[in-house]
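> Sequence first, then the predicted structure:
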Amino acid sequence: MSKFIRSDFYPKNFKLFSDNIENLLGNLIIKNNINKKFEILEISSLEEIRDHSILFVNNSEFKIDHLKEDLIIFTDKPDFFDNNEKMQIVLINDYNKCFNLLINHLYLHEDSINYFDDFTFKDNSYISKFSFVDDSTKIGKNCFIGRGVKIGKNTIIKNNVIIKNTLIGDNVIIGDNSTIGSSGFGFDLKNMGTKNLYPHVGIVYISNNVCIGSNCTFDRGKIDCTYIGENSMIDNLVHLAHNVHIGSNACIAAQSGFAGSVVVGDNLICGGQSAFNGHIKIGNNVTVAGKSGVTKNIGDNSIVAGFPATDINKWKRSTILNRKKNA
Amino acid sequence: MSKFIRSDFYPKNFKLFSDNIENLLGNLIIKNNINKKFEILEISSLEEIRDHSILFVNNSEFKIDHLKEDLIIFTDKPDFFDNNEKMQIVLINDYNKCFNLLINHLYLHEDSINYFDDFTFKDNSYISKFSFVDDSTKIGKNCFIGRGVKIGKNTIIKNNVIIKNTLIGDNVIIGDNSTIGSSGFGFDLKNMGTKNLYPHVGIVYISNNVCIGSNCTFDRGKIDCTYIGENSMIDNLVHLAHNVHIGSNACIAAQSGFAGSVVVGDNLICGGQSAFNGHIKIGNNVTVAGKSGVTKNIGDNSIVAGFPATDINKWKRSTILNRKKNA
Amino acid sequence: MSKFIRSDFYPKNFKLFSDNIENLLGNLIIKNNINKKFEILEISSLEEIRDHSILFVNNSEFKIDHLKEDLIIFTDKPDFFDNNEKMQIVLINDYNKCFNLLINHLYLHEDSINYFDDFTFKDNSYISKFSFVDDSTKIGKNCFIGRGVKIGKNTIIKNNVIIKNTLIGDNVIIGDNSTIGSSGFGFDLKNMGTKNLYPHVGIVYISNNVCIGSNCTFDRGKIDCTYIGENSMIDNLVHLAHNVHIGSNACIAAQSGFAGSVVVGDNLICGGQSAFNGHIKIGNNVTVAGKSGVTKNIGDNSIVAGFPATDINKWKRSTILNRKKNA
């Protein structure tokens, strides 16, 4: 459902062949088991492995089920390397540096903005000639619609909206002053500064009938998608970090924030000013009371509140008892 | 004080006559007591009843004090219907669906944006020819001033500001990248998606000498006004949902959020990142400490803190005792 | 490091001489010890005293170490006046009113926007002819770069970004829809409304390699700088109030807010939706967990969580014990 063609959004930078990797990474390589020559055309994630691609694995437990054609794996885990030594695999000693070097070699992503783009200028909005906007869709004033963006039927993009690296379905509404598809907050705490930003080369995928409020920020995925399911309703000033996955029929009130890689099932109801820790999983039919801080996975059909968020009845009881005791 | 002429902001869609309602709502009608023919020109709310209008009542306790001329009431409460059976009243079985059908028949509101508008283009800002901006008022670059908007004397609208469906007094300042008067977050949780949005057809009313920061979002009222009283000072990234009413001399620090229909008296002092539950009433001279979550009505002259917000001295005592006990 | 020439950003309004002060302030003056005639060219703060300037002191304990040439001190503290009676010093009876009168006499700051500016218009962005942008720097669409702004090498300003009263280093990235250098939230709670705003005449200083997300708001300093140190990484929807000082290598996650005059050391790690009370000091190497409310000074090398923020282990223990007791 959320497949996309990466090269629609930004051009390749340099060609990369499997036998050129030794050259590029130099002494960052500890052991190199690549023994086949082919061109690398894509990048994979642990969630989605693509043909002719490179994959970075820093989790020794990871299992590769479906062997893809021409996949090169980079890992900094010696045991993972040893367990997969018959694959095209490279043991490296600086995971993040290797990631940055290879991705920046392959792609001209947004924050490099050295790539060529060409725009149609209409109603004071810039619409990339490499984008597609259905004729029935309306775009307001002072907008920016970047390269590769596709927008379906009867969608409304209000004013001063920035849309980059994004696929948008039918009947979507995006509120004024929102920023969709900009690069997310990804870097190594040991190497700060703009020169050490992880290249984020994924996209945002917005399904049919989604409604997004004003002044929201939805960051593109790191490699895959930041995803919002059908019929989801998102209020003003909401932040979705990179790789967040929101299911269908979500209702997310204003000023809530989802840290990177949060995965939420269908039918979420989320009160305002709630926050979600990175990399947690929220089940289906979950209700999160306003101003909650969700720090852990939440099972299906739960209702939680407070910080750290817990069962709403426990939270209420605890709050009442505390006040009585301390009154 | 906050009266407005709805048709200044967007045109009528279709004419609606009282004897045409049966036709429009079909089998959503259970009982129909309309026995007079007249044209429906307006929509009423429980707070303000207008002549020649339709009114939706889902609260059986509601009393209609001032009988307006040519008012048609729609209700899904059989007892309310029975108690008011001598009025022009209709008993319906899908309150929200009837509301949406009738309002979308009557009005072309913002999110339909099918209506005609025509702009003056100055300093890269679009200013509707159906708006009024006093000559002494300054408008920055890349702004959008929509149809029906009126702006008084010596007001400053900074850059990239969106103003729609709004009346603004004298000596107001509105900060960069703010969105004022866009449609709010209104829908039925049982029917999600953009096609089921409640039509919001009210406005924002900003009184004299109000100061609004950068990147704020103030949503228009559902039927009446979202209102900000004189001399109120509002910081950056503040969210006011639809129908919020803030009294005079409010001081609201950054990143605070007010859910729909909160009513606040005069002289509010509100610390940053505070949140207010929908539909609560806050008295006069109330102070809310930063990062509070206000869940219930607050009386005059109160000082509250914490989440759920309580008397600030109780909150401090409770916080200190808790830490001692658990140290 | 963060020196700046105030008159680069906005012109003087009227000349001010030391012997003209009696005239301007009238009966707001209680005692006047000025006995020398000179022109006042600048304004000082308690943190930085400048030559030929006026300084406002409302803290009786304040010591003036380095006597600057031609400094006039205004104070509402009789004991401070008595202790410094040999200086050019004035005892006043309405501190804020005197501040506003004198600054508004001296400067045409942003919110008066009566000063002349002239722009280059490129890619639909306004770039002041009184600004400097290095040729290697890229500026997106629909931006506003105000008078006096200087931007170094290889910086990326994305789209719909407002930059005023700001100095920016090399290799900086500023995200879409952000507002940098607008006037902050400063006024006397006893005199509200836009006519009583404190004039904010400082700037924002952004060091090399800083990365700033989308839809952020960084307010200019009141008299000196709002400052962000080298290599700092700031996520989306973050608010920095006037006079905030963030050291080098900070990592600040989305939707966090810093109230006025917070001073933070180097190497801050701050989770999302955190808040900092005004005027507090945070040491070096401090970690603040997400959704914390920091109300007091924090020493070096601390890890804090909760609201009010406390040692993270105490917070965890307290949270667990509370839940057990109330289970």
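Okay, I see it. Residues are numbered from 1 along each chain as shown, chains lettered A, B, ... in the order given.
> Burial check on residue A:152, number of neighbours?
By the criterion of other Cβ atoms under 10 Å in any protein chain shown, residue A:152 has 19 neighbours. Where C-beta positions appear, they are placed from N, C-alpha and C, glycine not excepted.
> Name the nearest residue to it, sequence neighbours excluded.
residue A:170 (3.9 Å; Cβ to Cβ, 6 or more residues apart in numbering or on different chains).
> I'd say residue A:287 and residue A:302 touch.
Yes. Counting by Cβ atoms under 8 Å, residue A:287 touches residue A:302, with 7.4 Å between them.
> Which neighbours do those two have in common?
Counting by Cβ atoms under 8 Å, 6 or more residues apart in numbering or on different chains, residue A:287 and residue A:302 have no contacts in common.
> quick one, domains of chain A?
As given by automatic domain parsing, the domain ranges for chain A are A:12-107, A:119-317.
> now for the longest one, what's the gap between its first and last residues?
Meaning domain A:119-317. Across domain A:119-317, the terminal residues are separated by 58 Å (Cα to Cα, to the nearest Å).
> Quick check: mean pLDDT of that domain?
Domain A:119-317 comes out with an average pLDDT of 97.
> same check, this time on stretch A:60-75
In the prediction, stretch A:60-75 has an average pLDDT of 86.
> Just the endpoints, please. Distance across it?
Start-to-end, stretch A:60-75 (Cα to Cα) is 9 Å.
> gap between it and the chain center?
Remark: stretch A:60-75 is offset 21 Å from the chain centroid, using Cα atoms, centre = their mean, to the nearest Å.
> Identify the residues contacting that stretch?
By Cβ under 8 Å, 6+ apart, stretch A:60-75 touches A:18, A:21, A:34, A:36, A:38, A:40, A:44, A:46, A:49-58, A:77, A:79-81, A:84, A:87-92, A:95, A:98-99, A:102.
> got the buried residues for stretch A:14-28?
A:16, A:18, A:21, A:25, A:28 (16 or more other Cβ atoms under 10 Å in any protein chain shown).
> for that stretch, the distance to its chain's centre please.
Counting by Cα atoms, centre = their mean, stretch A:14-28 comes out at 26 Å from the chain centroid.
> so which of the buried residues of stretch A:14-28 comes closest to residue A:161?
Of all the buried residues of stretch A:14-28, residue A:161 sits closest to residue A:16, with 34.6 Å by Cβ to Cβ.
> dump the residue contacts of the closest one.
A:24, A:39-40, A:102, A:105-106.
> Please apply the same query to residue A:184.
Residue A:184 neighbours (Cβ under 8 Å, 6+ apart): A:200, A:219-222, A:241-243, A:260.
> Most neighbours among those, which one?
In the contacts of residue A:184, the most neighbours by other Cβ under 10 Å go to residue A:219, 32 neighbours.
> I'd like the distance between the closest residue to it other than its chain neighbours and residue C:218.
Computed as Cβ to Cβ, 6+ apart, the closest residue to residue A:219 that is not its neighbour in sequence is residue A:184, at 3.5 Å. The gap separating residue A:184 from residue C:218 is 20 Å, by Cβ to Cβ, to the nearest Å.
> Check residue A:263 too.
Using Cβ to Cβ, we find residue A:263 at a distance of 32 Å from residue C:218.
> Tell me which stretches of chain A form helices.
Taking DSSP state H to define them, one finds helices in chain A at A:21-25, A:78-83, A:95-106, A:312-326.
> Turn those into a markdown table, including distance to chain C.
As requested, the helices of chain A are arranged in a markdown table below (distance: least, Cβ to the nearest Cβ, whole Å):
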| stretch | distance to chain C |
| --- | --- |
| helix A:21-25 | 23 |
| helix A:78-83 | 28 |
| helix A:95-106 | 14 |
| helix A:312-326 | 4 |
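> and those helices as a markdown table, adding distance to residue B:325?
Putting the helices of chain A into a markdown table (distance: least, Cβ to Cβ, whole Å) gives the following:
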| stretch | distance to residue B:325 |
| --- | --- |
| helix A:21-25 | 56 |
| helix A:78-83 | 46 |
| helix A:95-106 | 44 |
| helix A:312-326 | 9 |
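> need the contact list for the residue in the stretch 51-200 of chain A that chain C sits nearest to.
Chain C sits closest to residue A:193 of the stretch 51-200 of chain A, with a gap of 3.5 Å, by Cβ to the nearest Cβ. Going by Cβ under 8 Å, 6+ apart, residue A:193 touches C:171, C:208-211, C:230-231, C:233, C:249.
> Next: residue A:223.
A:43-45, A:48, A:201-202.
> Tabulate those residues (CSV), appending distance to residue A:319.
As requested, the contacts of residue A:223 are exported to CSV (distance: Cβ to Cβ, whole Å):
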residue, distance to residue A:319
A:43, 47
A:44, 46
A:45, 41
A:48, 43
A:201, 45
A:202, 40
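> which of these sit farthest apart?
With Cβ to Cβ as the measure, no two of the contacts of residue A:223 lie farther apart than A:48 and A:201, at 13.1 Å.
> quick one, which of the two is more surrounded?
Between residue A:48 and residue A:201, residue A:201 has the larger neighbour count (other Cβ under 10 Å), namely 23 against 15.
> Help me confirm that the more buried one comes into contact with residue A:242.
No. If you go by Cβ under 8 Å, residue A:201 and residue A:242 don't touch, sitting 10.5 Å apart.
> And for residue A:63, the neighbour number?
Neighbour tally, residue A:63, other Cβ under 10 Å: 7.
> do residue A:86 as well
Residue A:86, neighbours per other Cβ under 10 Å, totals 7.
> Next: residue A:35.
Based on other Cβ under 10 Å, the number of other residues close to residue A:35 is 8.
> The nearest residue to it once chain neighbours are set aside - how many residues pack around it?
Excluding the flanking residues, the one nearest residue A:35 by Cβ to Cβ, 6+ apart is residue A:88, at 7.2 Å. Neighbours of residue A:88 under the rule other Cβ under 10 Å: 19.
> what's the distance between the residue of the stretch 51-200 of chain A closest to chain C and chain B?
Residue A:193 sits 25 Å away from chain B, going by Cβ to the nearest Cβ, to the nearest Å.
> what does residue A:257 give?
Between residue A:257 and chain B the distance is 11 Å, computed by Cβ to the nearest Cβ.
> Just the buried positions in stretch A:285-301, please.
Those would be A:285-295, A:298, for stretch A:285-301 by 16+ other Cβ under 10 Å.
> contacts with chain B among those residues, please.
Contacts with chain B are made by A:290-291 out of the buried residues of stretch A:285-301, judged by Cβ under 8 Å from any Cβ of the partner chain.
> which one of the buried residues of stretch A:285-301 is nearest residue B:126?
Using Cβ to Cβ, the buried residues of stretch A:285-301 come closest to residue B:126 at residue A:290, 35.6 Å.
> correct me, but the closest one touches residue A:253?
Yes. Between residue A:290 and residue A:253 there is a contact at 6.6 Å, judged by Cβ under 8 Å.
> who touches both of these two?
A:271-274, B:259.
> Taking those residues, tell me the two that lie furthest apart.
The widest separation within those (Cβ to Cβ) is 12.5 Å, between A:274 and B:259.
> Find residues that contact each of those two.
By the contact definition Cβ under 8 Å, 6+ apart, residue A:274 and residue B:259 are jointly contacted by A:253, A:290.
> Would you mind finding the most buried of the domains of chain A?
Among those, the stretch with the highest mean neighbour count (mean count of other Cβ atoms under 10 Å in any protein chain shown) is domain A:119-317, at a mean of 23.
> next one: that domain to chain centre, how far?
9 Å.
> re earlier: pick out the most distant pair among the contacts of residue A:184.
A:220 and A:260 (11.5 Å).
> who touches both of these two?
Common neighbours of residue A:220 and residue A:260 (Cβ under 8 Å, 6+ apart) are A:184, A:242.
> Could you list the contact residues of the stretch 51-200 of chain A toward chain B?
Counting by Cβ under 8 Å from any Cβ, the residues of the stretch 51-200 of chain A near chain B are A:124, A:138, A:140-142, A:156, A:158-160, A:171-173, A:175-177.
> Which two among those are spaced furthest apart?
A:124 and A:171 (24.7 Å).
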